[in-house]
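Chemist: with the sequence up front, the predicted model follows.
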Amino acid sequence: MKHFLSVDLGATSGRTVLASYADGRVEMEEWTRFANPQLPRDGHLYWDLAHLHAEIVKALTRTAEQHIPLTSIGIDTWGVDFAFFGADGRPMGDPYCYRDPQTDGAVERYFQTALPARQLYQRTGIQFMPFNSLFQLDTLRRRGVALADVSRVLFMPDALSFLLTGEAVCEYTIASTSQLLNPATGDLDEELLATVGMRREQFGRLVHPGERVGVLTEELQRQTGCGPVPVVAVGGHDTASAVAAVPAQDRDYAYLSCGTWSLLGIESRHAIINDASFRHNFTNEGGLDGTTRFLKNICGLWLFENCRREFTDVPADIMALTGLCRESDCPSLIVPDATDFAHPESMCTAIRLFCERTGQPAPATAADFIRVIYRSLACRYRQVLALLAGFADFPIRRLHVIGGGSKNPFLMQMTADCTGLPVVAGPTEGTALGNALVQVRAAGDVGSLEAMRGIVSRSVEVRRYQPGDTAAWDEAYERFCAVAAKCETN
C-alpha cells in the first residue's frame, strides 16, 4: 500500500486527505481540516498564506508521528489568486483575495487602455471576470505597485509548493485560469504580461500535472520528521483535479463541480475559441493530458452559505436546513451571476431587493430563500447546458456532479427535473481524489486518465437521480430566462 497526501484548499476552508492506494482502489481519510479565512485589512481582503503553510506542515508532522510513509504530496486550490515573493525568497505580504472589491470595473479599464475584448479572448479563450489574474495585476499596476520589482509571482498552489521545496514552478492548469496563458503556445503570453508591466521570467518554470516539483526542504524534513517527500504537481486548479475524478468511461456527458462555485462544462480535446464562445463568455481552462475544460463559472452555493449566516431559528443540521426548501412555494427566481450577489453586505437583502426590482415576490423565510436559490441554480444549469450542447461534438446524455453539492438531494433532483438529464452525483470528495490519483500516476501505478477514472468507479459509490416531471419546470425556466434577459447575463 502507498500513501499520498492531498492538500485541498477551498475559498472558505481547507483540508488534507490521506489517500491509500492498493489493488486498484483508493481509500480516503480526512486527515486535517481548518478554516481559510479572508482577512479584512485597510479596506482590502487578503489570504493568510502563512496560516495555510502552517496547516500543511501540521498535517505532514502528523503523518510522521504515526509512522506513515508518504509517497508524495500534491496541492490544489481555487484559481486566479497569486502571491509575490522577493529576491530573498520571502513572501511580499499576504496575497489579495479574488473577492477584494479593488477589481470592480477592472475589465472595462483594461479594455480601454490595453487590448480590446475580442483580441484578448482570441489570445486566451478565458471568460471575462473582474478578478482574473490579468485584471488583478493591472489593478495593482494602476495603484502604483512596482510589479517590475517583484522577483516571483506564484499562483496559490505554486506559492505553497515553493514554501515547501524552494522550487518555483507555474503549474499549467492553475495558470490557465489567469487569463495570462495562451492555449496555442501552452505557456504564459509575454505580450499580455507586458501590458501589465511584467516579464515571463518572474513566473516559475511551466510544469504539467504529474511532474515532480521538488522535495521538502531540509529544514522542513527536520521540523516535520518526514524524509525527503516529493511534492508533485497535480491539477493545481481544484476544478482540474475534480474533473479528473469524474467516474465516466465515455465522452457523452457534461460535468458540474458543485460547491462555493458551480463550474459547468464539457471536456474537449482542444480549446473552443470562436465568435459564439466569445459572445457567451465561455472559458477554456487546462485539464489533464492536454484536454481543455470548456466551461462557465456560475455563482454557486456561495449564495446559500452567505444566507445561512443570517438565518435564525433554523435547524443546525445542514441536511435538515436544506430540506426547508420543501416547505416553501415562493415562485421567485434570481440570476445567480448577477453583480448584485458578488459581495453584498447582506446576501438575504440582496436577494430580496433583486426580486422586488424584477417584479417578483420577495422571499420572507429561510425556506423561501433556500427554495429561490436552489431553483434558480437548477434553471441556470439548464440554460448553460443548452449552450454547451451547441459547442460539443458529442451528445450530452447525462450530467456528472462532483464536489460537496453532490450530497444535496434536493438540489440534485431539481437539477435532473429542470434539465431533463440523468444526474450522477459523486464523488463528493472529487477534488481530493483527483489530486491523489495524479500522484498515484506519478508514482507509476496507473498509466492513463481513463485508467484513473476506472479507479474512481471502483473506489466510490455514486447516487443517480432520474428526471421527473420536467414539464412542470418549463414555466419556471421561461420566467428565469426573462429575468436573465433583463440582467443581460450570458
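Modeler: Arrived safely.

Chemist: which helix is the longest one in the chain?
Modeler: helix 366-391 (DSSP state H).

Chemist: and for the next helix or strand after it, what's in contact with it?
Modeler: Going down the chain from helix 366-391, the next helix or strand is strand 398-402, by DSSP states H and E. By C-beta atoms under 8 Å, 6 or more residues apart in numbering, the residues outside strand 398-402 that reach it are 242-243, 245-248, 252-258, 381, 385, 412, 415-416, 419, 421-428, 430-431. Every residue, glycine included, has its C-beta placed from N, CA and C.

Chemist: for the nearest residue to residue 368 once chain neighbours are set aside, helix, strand, or coil?
Modeler: Nearest non-adjacent residue to residue 368, counting by C-beta to C-beta, 6 or more residues apart in numbering: residue 330, 4.1 Å away. Secondary structure, DSSP: H, G, I helix; E, B strand; the rest coil: residue 330 is coil.

Chemist: now do residue 330 against residue 369, distance only.
Modeler: Distance from residue 330 to residue 369, counting by C-beta to C-beta, to the nearest Å: 8 Å.

Chemist: shaky segments in the stretch 301-450 of the chain?
Modeler: Applying pLDDT under 70 to the stretch 301-450 of the chain flags no residue at all.

Chemist: now the helices for it?
Modeler: Remark: helices assigned in the stretch 301-450 of the chain by DSSP state H, counting those that start in this stretch are 302-308, 318-322, 347-357, 366-391, 409-419, 430-442, 449-459.

Chemist: next one: the stretch 101-250 of the chain
Modeler: Applying DSSP H, counting those that start in this stretch to the stretch 101-250 of the chain gives helices spanning 106-113, 117-124, 133-142, 156-165, 172-175, 190-195, 218-224, 238-244.

Chemist: list the buried residues of the first one.
Modeler: Looking back up the chat, that one is helix 106-113. By 16 or more other C-beta atoms under 10 Å, the buried positions in helix 106-113 come out as 106-107, 109-110.

Chemist: show the pLDDT at the closest residue to residue 96 other than its chain neighbours.
Modeler: With sequence-adjacent residues excluded and distances taken as C-beta to C-beta, 6+ apart, residue 96 is closest to residue 46, at 6.1 Å. With respect to pLDDT, residue 46 scores 98.

Chemist: pretty sure residue 46 is touching residue 38, no?
Modeler: Yes: Residue 46 is within contact range of residue 38, at 7.2 Å (criterion: C-beta atoms under 8 Å).

Chemist: isn't residue 387 up against residue 280?
Modeler: Yes: contact criterion C-beta under 8 Å: residue 387 and residue 280 qualify, at 5.5 Å.

Chemist: common neighbours of the two, please.
Modeler: residue 296.

Chemist: neighbour-wise, which of residue 330 and residue 369 wins?
Modeler: residue 369 (28 against 20; other C-beta atoms under 10 Å).

Chemist: the more buried one contacts residue 354, doesn't it?
Modeler: No: using C-beta under 8 Å, residue 369 is not in contact with residue 354, being 11.7 Å away.
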